[in-house]
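[1] generate coordinates for the sequence data below:
(chains A and B)
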Amino acid sequence: MIAVAAGTNRIDPYLIPALDGVAYGLLVFVAASGLVFCFGVANILNLAHGMLYAIGGYTAAALLDGGWASLALALGVGVLAAAAAGVLLAGLLTPVATGNHLTQALLTFGVALAGGSLLVAGFGPDDPQVQVPAALDGSVVVAGHRYAAYRLVFIVVAAVIAAGLYLAVRRTRAGMLIRAAVDDAEMVACMGVSPARIRAGVLAAAGALAGAAGVLGAPIIGPGTDTADTVLLLSLVVVVLGGLGSMAGTLLAALAIGEIQTLGVALLPSAAPFLLFAAMAAVLAVRARGFATSRRVT
Amino acid sequence: MSLTTPRRSRAVTASLLALVLSVGTACGDDGPGTSASGSIKIGLLASLSGTYQAVGKEIRDGFELYLATHDGKLGGRQVDLVVADEGNGAATAVPAATKLLKQDRVVALTGIVGGGSVAGVYPLLNETKVPLVGSNGRPELKEVSRVWHTSYLSDEPGAAIAQHVRDNVKGSVYAIGPDYQGGWDELRGFTDAFDKAGGKLANPDGKTTFTPFPATTNFTPYFARIKASGAAAVYTFYAGSAAVDFVKQYAQSEIKDVPLYAAGFLTEGGVLNAQGEAARDIYSVLNYSPDLDNAENRAFVAAWKAKHDGSPTTYALASYDAAAVLDRAIGAAGNDPTPEAINKAIGQLGQIASPRGTWQFSTTTHSPVQKWYLRQVRQDGRALSNTVVGDLATIGR
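    This next block holds a predicted model:
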């Protein structure tokens, strides 16, 4: 009986994990893109990035009440709070020489520990409940399978964010400055744009992205005591897999992580504990520089 | 005539010795943990911080509720309850237990959330010869002469519900749980008994699927496999935030109409509030439910609700019963309730009346021989609640 079912349609059981992998991957993309920006553009290794996501997550848990207005409010507050935390980080990092990654890592890791404790002190040690808008708190049928409505909508929203990010980097003056700063920071400084301002701007943008991911992704990677670590780890894997140069590489790496974590687990459940890192090791073994081919922000 | 120097110092030494001896005998009269006024010192160790603090606080509150409803006395003696924080596990539990046992010199220890903490504290119990009346975690122990538990063994919930699942599910059952000792024990209890009853697992290799713990937060890929297996029902055990994730995602998944059976912790206490509507109709097995219809339970639930929001959990109940056990044991231990006398008295208690129904200690495992109940998450007034829908097996060995 099972053999017949499998024979008629081998792909069918894996449709939903594959779709879920896209949702998960896009969330990882939005969450990680800020870290990639910081590292690739401002040359700052920000180990407090996971904490910025957690700020968004806790904001969502505190403000969401099942209505659309509360989602808009949480998104606004979460983005602003995380962006403000990013600017604060930039201020703390001002005395640290650009490119001194060990000092940056120590400083931001310390901030992450302290910030994490503050969040737990403020919101309690239990994982708070996140209430998505009532209209999305159900499931819909996709190609004959049930799937969470919120995650389906999230795929669309995250794709819009990704497209917006691409356009912002490619087409706006701020994006051009950022790309210029990567290529030749001294020349940009000569043009009268302070590197400190670019750094603060990049960290604020990274915070805003992480905050947005935290609010919108709270029903998927919910706020809790280990959220910051989880997000930081996934983001670092994205950096390793996707390289620092291109948004396409980051997107590809994030989607790969999403599929490994869902489709991969569905196909090989016994390998679930180490699948992600096995894949990372395999990619590194084949291509030491990850998916990306150039070091440019494209 | 004056005393010579050596003679004077001898006199001073003698008087000092007399003083020490008299103080010593005064202490000796007290014995560990009791004082001349007849009060008695009990140590309660529970997680008041960290991951398990929700459970730890229930355990503290359950014990304190018993004291509050019994004039603060156990066995006719005023109780001096010393509470210490167990934290996340043995690393914090052992120093806290050392203080209770060696500095406060309590006559009995109770509480302890984690099985690992119990294992860590266990050597201290043998060293100080103080009994533990544990109310939650119970690891595998070789020798239990001073260890008693009012809770359960981890493989008992699954063993208690297996026959019911076999009789009521038309088809195979998919078993899934978290990949750690607690998960292995809970699921083994079910699969062993289910296999004996002639049931068939839907898992492709005939073995339970274990998910990485606590790393797994997305269960969608596992649900896809359950769907593909054609299972007629699912049996699981998760607790804490994993239980919330599992239940919420299950309700929105393609197997949302497949009946879900679970060890009661999946929907017990605070996690049920977090799960909300997603938990409706889930069947679970547990040794307690706040709606049990007996006099002890009505009094217990009423007293609990007068002090706390919501209904008591099995954790609070186990701690309340630990106080009841100590109450009777201290009363039976005579005029000099030493730790040894209390330990001996616990072994001779026989039937114990409790909000969960009457139970008794097993002579071999020192854990309860008790009845298990089938519960379903149903509407109870404004909130969802675990409602008893039937009796299951009486288990204990």
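
[2] low-confidence ranges, the chain, go.
    Defaulting to chain A. A:1-10, A:97-99, A:125, A:182, A:245, A:288-298 (pLDDT under 70).

[3] hmm, I had chain B in mind actually
    In chain B (pLDDT under 70), the answer is B:1-37.

[4] for the stretch 1-150 of chain A, which segments count as strands?
    Secondary structure of the stretch 1-150 of chain A by DSSP state E, counting those that start in this stretch: the strands cover A:139-142, A:145-148.

[5] and those strands as CSV, adding mean neighbour count?
    Quick note: C-beta positions are derived from backbone N, CA and C, even for glycine. Converted to CSV, those look like this (neighbours: other C-beta atoms under 10 Å in any protein chain shown):
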stretch, mean neighbour count
strand A:139-142, 14
strand A:145-148, 21
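
[6] format those as CSV; extra columns: distance to chain B.
    Output for these, formatted as CSV (distance: least, C-beta to the nearest C-beta, whole Å):
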stretch, distance to chain B
strand A:139-142, 4
strand A:145-148, 4
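
[7] count of residues packed around the residue of the stretch 151-298 of chain A found nearest chain B?
    Closest to chain B within the stretch 151-298 of chain A is residue A:266: 3.6 Å, counting by C-beta to the nearest C-beta. Using other C-beta atoms under 10 Å in any protein chain shown, residue A:266 is surrounded by 23 other residues.

[8] that one touches residue B:224, doesn't it?
    Yes: the pair residue A:266 / residue B:224 is scored as a contact, 4.9 Å apart, by C-beta atoms under 8 Å.

[9] please enumerate the shared neighbours of these two.
    A:13-14, A:17 (C-beta atoms under 8 Å, 6 or more residues apart in numbering or on different chains).

[10] quick check: which element contains residue 215?
    Since no chain was named, I'll use chain A. Assigned by DSSP states H and E, residue A:215 falls within helix A:195-217.

[11] so which elements touch that helix?
    Counting contacts by 3 or more C-beta pairs under 8 Å, 6 or more residues apart in numbering or on different chains; DSSP states H and E, helix A:195-217 packs against helix A:15-40, helix A:49-63, helix A:68-93, helix A:149-171, helix A:173-183, helix A:185-190.

[12] buried set for the fourth one?
    For helix A:149-171, the buried set under the neighbour-count rule, 16 or more other C-beta atoms under 10 Å in any protein chain shown, comprises A:149-155, A:158, A:161-162, A:165, A:169.

[13] for it, output the C-alpha coordinates as PDB.
    C-alpha atoms of helix A:149-171 as PDB (Å, rounded to 0.1, in the frame of the first residue of the first chain):
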ATOM      1  CA  ALA A 149      -0.800  30.500   6.300                       C
ATOM      2  CA  TYR A 150       1.600  32.800   8.100                       C
ATOM      3  CA  ARG A 151       4.600  31.100   6.600                       C
ATOM      4  CA  LEU A 152       3.100  31.300   3.100                       C
ATOM      5  CA  VAL A 153       2.600  35.000   3.500                       C
ATOM      6  CA  PHE A 154       6.000  35.400   5.100                       C
ATOM      7  CA  ILE A 155       7.600  34.000   1.900                       C
ATOM      8  CA  VAL A 156       6.000  36.800  -0.100                       C
ATOM      9  CA  VAL A 157       6.900  39.500   2.400                       C
ATOM     10  CA  ALA A 158      10.500  38.300   2.700                       C
ATOM     11  CA  ALA A 159      10.900  38.100  -1.000                       C
ATOM     12  CA  VAL A 160       9.700  41.700  -1.200                       C
ATOM     13  CA  ILE A 161      12.300  42.700   1.400                       C
ATOM     14  CA  ALA A 162      15.000  40.900  -0.500                       C
ATOM     15  CA  ALA A 163      14.100  42.700  -3.700                       C
ATOM     16  CA  GLY A 164      13.900  46.000  -1.900                       C
ATOM     17  CA  LEU A 165      17.300  45.400  -0.500                       C
ATOM     18  CA  TYR A 166      18.800  44.600  -3.900                       C
ATOM     19  CA  LEU A 167      17.300  47.800  -5.400                       C
ATOM     20  CA  ALA A 168      18.500  49.900  -2.500                       C
ATOM     21  CA  VAL A 169      22.100  48.700  -2.800                       C
ATOM     22  CA  ARG A 170      22.000  49.000  -6.700                       C
ATOM     23  CA  ARG A 171      20.000  52.100  -7.300                       C
END
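
[14] other SSEs contacting it?
    With 3+ C-beta pairs under 8 Å, 6+ apart as the test, helix A:149-171 has helix A:15-40, strand A:139-142, helix A:173-183, helix A:195-217, helix A:247-259 packed against it.

[15] all the strands of chain B, residue numbers only.
    Assigned by DSSP state E, the strands in chain B fall at B:40-46, B:73-74, B:77-85, B:108-111, B:132-134, B:147-149, B:173-178, B:209-211, B:233-236, B:260-263, B:283-286, B:360-361, B:368-380, B:383-395.

[16] centroid residue for chain B?
    residue B:136 (1.6 Å; C-alpha atoms, centre = their mean).

[17] quick check: phi and psi on that residue?
    Residue B:136 has phi and psi values of phi -150, psi -90 when expressed as degrees, to the nearest 10.

[18] pretty sure it sits against residue B:117.
    No: using C-beta under 8 Å as the test, residue B:136 is too far from residue B:117 to be in contact (9.4 Å).

[19] circling back: most neighbours out of the shared contacts of residue A:266 and residue B:224, which is it?
    Highest neighbour count within these, by other C-beta under 10 Å: residue A:17, with 24 neighbours.

[20] OK, contacts around it?
    Neighbours of residue A:17 in contact, by C-beta under 8 Å, 6+ apart: A:262-263, A:265-266, B:220-221, B:224.

[21] what do you get for residue B:280?
    Neighbours of residue B:280 in contact, by C-beta under 8 Å, 6+ apart: B:377-379, B:384.

[22] out of the residues you listed, which end up buried?
    B:377, B:384.

[23] and of the contacts of residue B:280, the nearest to chain A?
    Distances from chain A to the contacts of residue B:280, taken by C-beta to the nearest C-beta, are shortest for residue B:384, at 13.7 Å.

[24] touching, the closest one and residue B:281? I think so.
    No: judged on C-beta under 8 Å, residue B:384 makes no contact with residue B:281 at a distance of 9.8 Å.

[25] mind listing the shared neighbours of these two?
    Common neighbours of residue B:384 and residue B:281, counting by C-beta under 8 Å, 6+ apart, are B:377-378.

[26] off-centre distance for the helix or strand that the helix holding residue A:215 is followed by?
    Counting by DSSP H and E, the element after helix A:195-217 in chain order, helix or strand, is helix A:227-242. Going by C-alpha atoms, centre = their mean, to the nearest Å, the spacing between the C-alpha centre of helix A:227-242 and its chain's C-alpha centre is 8 Å.

[27] helix A:227-242 versus helix A:49-63: what angle between them?
    Put simply, helix A:227-242 runs at 130 degrees to helix A:49-63, going by axes from the mean of the first three to the mean of the last three C-alpha atoms, to 10 degrees.

[28] for helix A:227-242, packing partners?
    Under the contact definition 3+ C-beta pairs under 8 Å, 6+ apart, helix A:227-242 sits against helix A:15-40, helix A:49-63, helix A:101-123, helix A:247-259, helix A:275-286.

[29] highest average neighbour count across those helices?
    Mean neighbour count (mean count of other C-beta atoms under 10 Å in any protein chain shown) peaks for helix A:49-63 among the helices and strands packed on helix A:227-242, with a mean of 28.

[30] just confirm yes or no for that helix near chain B.
    No: judged by C-beta under 8 Å from any C-beta of the partner chain, helix A:49-63 makes no contact with chain B; its nearest approach is 10.5 Å.

[31] give me the distance from that helix to the chain's centre.
    When distances are taken as C-alpha atoms, centre = their mean, helix A:49-63 is centred 12 Å away from the chain's centroid.

[32] what is it packed up against?
    So helix A:49-63, by 3+ C-beta pairs under 8 Å, 6+ apart, packs with helix A:15-40, helix A:68-93, helix A:101-123, helix A:195-217, helix A:227-242.

[33] how about those helices in JSON lines, adding distance to residue B:314?
    Formatted as JSON lines, these follow (distance: least, C-beta to C-beta, whole Å):
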{"stretch": "helix A:15-40", "distance to residue B:314": "34"}
{"stretch": "helix A:68-93", "distance to residue B:314": "35"}
{"stretch": "helix A:101-123", "distance to residue B:314": "27"}
{"stretch": "helix A:195-217", "distance to residue B:314": "34"}
{"stretch": "helix A:227-242", "distance to residue B:314": "29"}
